[in-house]
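Novice: Kindly return the folded structure for what I paste below:
(chains A and B)
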Amino acid sequence: QQQVKQSPQSLIVQKGGIPIINCAYENTAFDYFPWYQQFPGKGPALLIAIRPDVSEKKEGRFTISFNKSAKQFSLHIMDSQPGDSATYFCAASQGGSEKLVFGKGTKLTVNP
Amino acid sequence: DAGITQSPRHKVTETGTPVTLRCHQTENHRYMYWYRQDPGHGLRLIHYSYGVKDTDKGEVSDGYSVSRSKTEDFLLTLESATSSQTSVYFCAISESMRPGEKLFFGSGTQLSVL
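Specialist: All right, here's what the predicted structure looks like:
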């Protein structure tokens, strides 16, 4: 049973576009929702994270939107650049748990 | 990569042979994890450790064992490698306050089982 469902699997945008990656979860006990960014040949790295007490969080050009009632959250990348081309993973965890559950990933390509 | 070293970085082995991957950290973090990454499956947890000699299973633990005799080292062993274990293996570490949150990953080990 997949606990975090991520879409789309791949995404291609032009430079300056606003790619949006979506994730949905079932477990209402989840209380922490991070996004990880992975470049080829590297391990994933934490990009931005949100907790359910807020509906939006911005860090630079990256924004997480969170909809608690729909059990969905999404990553928006404003003014995307070719350097943003990477694989993005959403994830979720619940307080007190040692484990982080990941989505299957989205490969983003930003064309010049 | 946050003081995490995985070795080897690449390995090719034959079906049925034992394989051990090593993760070494210099951050003195309590929690260590082994994930595998496969196309279409994302990152899946194999095993994790919450202290020296304290380990537990993840969602894809069959065919794998782990050991942690020192805080800094976490070993992943494939007792008898199979082709389905061809994958990229990542080690991760986490601080102890909220361990399931901020993970720091190593650069990975590409394992090919022929």
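Novice: Not counting its neighbours along the chain, what's nearest residue 78?
Specialist: If you meant another chain, say so; for now it's chain A. Leaving aside its chain neighbours, residue A:78 sits nearest to residue A:61 (4.4 Å; criterion: C-beta to C-beta, 6 or more residues apart in numbering or on different chains). C-beta: built from backbone N, CA, C; applies to glycine.
Novice: oops, I was thinking of chain B
Specialist: That would be residue B:19: by C-beta to C-beta, 6+ apart, it lies 4.4 Å from residue B:78.
Novice: quick one: least confident helix or strand in chain A?
Specialist: strand A:101-102 (a mean of 92; mean pLDDT, DSSP states H and E).
Novice: Next, give phi and psi for residue B:12.
Specialist: The phi/psi pair for residue B:12 (degrees, to the nearest 10) reads phi -120, psi 130.
Novice: And it, how close does it get to residue A:91?
Specialist: In this structure, residue B:12 and residue A:91 are 31 Å apart, going by C-beta to C-beta, to the nearest Å.
Novice: one step back: in contact with the residue nearest to residue B:78, which residues are there?
Specialist: B:11, B:13, B:77-78, B:81, B:111, B:113 (C-beta atoms under 8 Å, 6 or more residues apart in numbering or on different chains).
Novice: Please identify which of residue B:12 and residue A:91 sits among more neighbours.
Specialist: residue A:91 (28 against 10; other C-beta atoms under 10 Å in any protein chain shown).
Novice: Mind telling me what element the more buried one is part of?
Specialist: strand A:86-92 (DSSP states H and E).
Novice: other SSEs contacting that strand?
Specialist: If contacts are counted by 3 or more C-beta pairs under 8 Å, 6 or more residues apart in numbering or on different chains; DSSP states H and E, strand A:86-92 sits against strand A:4-7, strand A:20-25, strand A:33-38, strand A:72-77, strand A:101-102, strand A:106-111.
Novice: average model confidence for the last one?
Specialist: Spelled out, it's strand A:106-111. The pLDDT scores in strand A:106-111 average 97.
Novice: That strand pairs with which strands, parallel or anti?
Specialist: strand A:10-14 (parallel), strand A:86-92 (antiparallel) (DSSP bridges).
Novice: quick one: strands adjacent to the least confident helix or strand of chain A?
Specialist: As assigned by DSSP bridges, strand A:101-102 forms pairs with strand A:86-92 (antiparallel).
Novice: For the strand it pairs with, give the mean pLDDT please.
Specialist: 96.
Novice: and what of stretch A:57-69?
Specialist: The model assigns stretch A:57-69 a mean pLDDT of 96.
Novice: tell me how far it is from the chain's mean position?
Specialist: 9 Å (C-alpha atoms, centre = their mean, to the nearest Å).
Novice: Other residues contacting it?
Specialist: Applying C-beta under 8 Å, 6+ apart, the set of residues contacting stretch A:57-69 is A:33, A:35, A:47-50, A:52, A:54-56, A:72-80.
Novice: Can you list the buried residues in that stretch?
Specialist: Residues of stretch A:57-69 classed as buried: A:57, A:62-66 (neighbour count, 16 or more other C-beta atoms under 10 Å in any protein chain shown).
Novice: tell me the two of the residues you listed that are most distant?
Specialist: Farthest-apart pair in the buried residues of stretch A:57-69 is A:62 and A:66; separation 13.6 Å (C-beta to C-beta).
Novice: Nice, that's everything, thank you.
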